[in-house]
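Trainee: Return a 3D structure for these sequence lines:
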Amino acid sequence: MSKLSEFLGTPKEIEIKGKKITIHPLKVKDLSSFKENLNDEEKIKLSHEILKKSLNDPEVTDEEIENMSVEMFVALMEEINKLNGFEDGNVGKIKERIAQARS
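Mentor: Below you'll find the model as predicted:
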């Protein structure tokens, strides 16, 4: 194994509302999906991709993600952001939009 093998990300088990789930860190190859100035539809699509890759479960569908509660979606995305070292990325923006929609 090369010297880089010790830098491979390791999965993390998290607990949300009493339910345990394992999330996996994104890989460098996944960063190609990240772009500046995405419109709302592209941001939603990107968040679906990030969630699917982080759960690493081929059975997770877009329909399941779309039918999740916003609270659970945001909680999962916050944990994914922490695992990957993202500082207040799109989750902050998602929370802001939710707050605006509620007012």
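
Trainee: right, and Ser54 touches His24 too?
Mentor: Yes: using Cβ atoms under 8 Å, Ser54 is in contact with His24, at 5.6 Å. C-betas here are computed from N, CA, C, even on glycine.

Trainee: More neighbours: those two, which one.
Mentor: When Ser54 is set against His24 and neighbours are counted by other Cβ atoms under 10 Å, the residue ahead is Ser54, at 25 against 17.

Trainee: Now do the contacts for the more buried one.
Mentor: Contacts for Ser54 (Cβ atoms under 8 Å, 6 or more residues apart in numbering) come out as 23-26, 76, 80, 83.

Trainee: so how far is the host helix or strand of it from its chain's centroid?
Mentor: Using DSSP states H and E, Ser54 sits in helix 40-55. Distance of helix 40-55 from the chain centroid (Cα atoms, centre = their mean, to the nearest Å) equals 7 Å.

Trainee: quick one: the helices in this structure?
Mentor: 40-55, 62-66, 70-84, 90-102 (DSSP state H).

Trainee: Please tabulate those helices in CSV, including the columns mean pLDDT and distance to Lys17.
Mentor: Shown next, in CSV, are those (pLDDT from 0 to 100; distance: least, Cβ to Cβ, whole Å):
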stretch, mean pLDDT, distance to Lys17
helix 40-55, 91, 16
helix 62-66, 92, 17
helix 70-84, 91, 7
helix 90-102, 59, 17
